[in-house]
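> Here's a sequence, model it:
(one chain, ligands or ions: 1)
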Amino acid sequence: MNIKVKNLSLTYRNHVALKDITLELSGEKIYGLLGRNGAGKTSLLSVLASFREASSGSITINGEEPFENAKIMQQVAFMYDKDYKDESDNVKDMLQDIQRYRPNFDMDYAEYLIEKFKLNKKKPVKQFSKGMQSALNVIIGLSTRAPVTIFDEVYLGMDAPSRDIFYKELLKDQQNHPRIMILSTHLVSEMDYLFDEVIIINKGKFLLQEEYNSLISKGATITGNRELVDNFVQAKEQINVQQLGDTKSVMIYGELDDHERNTALAKGLEVAPVSLHDLFVHLTEEE
Ligand SMILES: Nc1ncnc2c1ncn2[C@@H]1O[C@H](COP(=O)(O)OP(=O)(O)OP(=O)(O)O)[C@@H](O)[C@H]1O
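Modelled structure (predicted):
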């Protein structure tokens, strides 16, 4: 399975939401899609899922254009913060409907997840709380087992224990049934360990796509005696500085080579990794 996006742009009336985006998702991995509010995440995902047609550029899923292509659309599950206020079916009836047009749907697994999230099977879905509706979206998204599964901020309203169940089940199911999984989120520090690759878009433009491990190795936090730290970081790009008495901690952006790392350690400085959260904030902050 692969997704190729080439020079994709999307304009709503006169507002340009996506500008010339080119990227490729190949391989059954979990991709974290990050971007600030209004960056264009939902716009990009809705084009991928054929909910919208691109204004220009192209997108192919396994070599085929997905828009109005029933065969491809069946392979893509797009879960978002959907409003179920008019849904008078209960969970079971709803899932049975979905199963009819989703070839890989696993009802036993859906039942297992319903138990995990403790959803009432008899209640009409419109009476579910916000968090329960989000759990339902997670259940549909995971049990559909679509080769391309997209979760667009689907955790909204879910409490911390429920989000934890979501992350654990997602990792387990991805291991057993690998697929292209795209997670768009603002909860960067909570979800970063899930990502194999990270894609960042900023103001409608592509900013980067990189493996998670390689991306976080692009920064480091240097901590120790103030003067020694200042000397060490003087030629580096500094993301964040904290100081307490004579101890200073500076987050830098830019890979450290082995020599630099050993020099820092030999001076008694501590070298620690940076978080995706910090890199994300730095890479997308306003100038
Ligand atoms: N239906 C629409 N009509 C006009 N403009 C829209 C529409 N939907 C989105 N936009 C605009 O397109 C831009 C991108 O919006 P989008 O929802 O894709 O961003 P996002 O990254 O998902 O944001 P958030 O993190 O806040 O959910 C924003 O400036 C938004 O105002």
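> What is the three-state secondary structure of the residue nearest to Ser56 when sequence neighbours are not counted?
In space, and not counting its chain neighbours, Ser56 is closest to Ser9: 4.7 Å by Cβ to Cβ, 6 or more residues apart in numbering. (Glycine included, C-beta is placed from N, CA and C.) Three-state call for Ser9 (DSSP: H, G, I helix; E, B strand; the rest coil): strand.
> so what pLDDT did Ser9 get?
pLDDT, Ser9: 97.
> Just the strands from the stretch 51-200 of the chain, written as ranges.
56-61, 76-79, 148-152, 180-184, 197-202 (DSSP state E, counting those that start in this stretch).
> export the ones you listed to TSV and tack on mean neighbour count and distance to the ligand?
Output for the strands of the stretch 51-200 of the chain, formatted as TSV (neighbours: other Cβ atoms under 10 Å; distance: least, Cβ to the nearest ligand atom, whole Å):
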stretch	mean neighbour count	distance to the ligand
strand 56-61	17	15
strand 76-79	23	13
strand 148-152	24	7
strand 180-184	24	7
strand 197-202	22	7
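> can I get these in CSV with mean pLDDT?
As requested, those are exported to CSV (pLDDT from 0 to 100):
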stretch, mean pLDDT
strand 56-61, 95
strand 76-79, 96
strand 148-152, 97
strand 180-184, 98
strand 197-202, 97
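> Lys123 is nearest to which of those strands?
Closest to Lys123 of the strands of the stretch 51-200 of the chain, according to Cβ to Cβ: strand 76-79, at 20.4 Å.
> Who are the packing partners of that closest one?
helix 41-48, helix 130-144, strand 148-152 (3 or more Cβ pairs under 8 Å, 6 or more residues apart in numbering; DSSP states H and E).
> Let me have those in CSV, extended by distance to Ser55.
Below are the helices and strands packed on strand 76-79 laid out as CSV (distance: least, Cβ to Cβ, whole Å):
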stretch, distance to Ser55
helix 41-48, 9
helix 130-144, 27
strand 148-152, 20
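> interface residues of the stretch 1-150 of the chain facing the ligand?
Taking Cβ under 6 Å from any ligand atom as the measure of proximity, the stretch 1-150 of the chain contacts the ligand at 12, 15, 17, 35, 37-43.
> Quick one, which of those are buried?
17, 35, 39-43 (16 or more other Cβ atoms under 10 Å).
> from those, which two are the most distant?
Top of the distance list for those (Cβ to Cβ): Ala17 and Gly35, 11.2 Å.
> Between the strands of the stretch 51-200 of the chain, which one is closest to Ala49.
strand 76-79 (3.5 Å).
> what are the C-alpha coordinates of that closest one, in CSV please?
C-alpha atoms of strand 76-79 as CSV (Å, rounded to 0.1, in the frame of the first residue of the first chain):
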residue,chain,number,x,y,z
VAL,A,76,-9.7,4.0,3.4
ALA,A,77,-11.3,4.7,6.8
PHE,A,78,-11.4,8.3,7.9
MET,A,79,-12.4,8.8,11.5
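> Tell me how far that strand lies from the chain's centre.
14 Å (Cα atoms, centre = their mean, to the nearest Å).
> outside of that strand, which residues touch it?
45-46, 48-51, 61, 66, 102, 137-138, 140-141, 144, 146-152, 154 (Cβ atoms under 8 Å, 6 or more residues apart in numbering).
> In contact with Gly40, which residues?
Here Gly40 is in contact with 10, 17-18, 201, 203-204 (Cβ under 8 Å, 6+ apart).
> Reformat the buried ones among the residues of the stretch 1-150 of the chain next to the ligand as a markdown table; add pLDDT.
Putting those into a markdown table (pLDDT from 0 to 100) gives the following:
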| residue | pLDDT |
| --- | --- |
| Ala17 | 97 |
| Gly35 | 96 |
| Ala39 | 96 |
| Gly40 | 96 |
| Lys41 | 97 |
| Thr42 | 96 |
| Ser43 | 96 |
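> What count of nearby residues applies to Gly157?
As a burial measure, Gly157 scores 15 neighbours (other Cβ atoms under 10 Å).
> Hmm, Asp230 and Lys267 touching each other?
No - with contact defined as Cβ atoms under 8 Å, Lys267 does not reach Asp230; the gap is 11.8 Å.
> So in this protein, which helix runs the longest?
helix 160-176 (DSSP state H).
> Pull out the buried positions in that helix.
162-163, 165-167, 169-170, 173-174.
> and the chain, what are its domains?
Following automatic domain parsing, one gets these domains for the chain: 28-49+72-212, 217-284.
> How much space separates Phe67 from Leu119?
34 Å (Cβ to Cβ, to the nearest Å).
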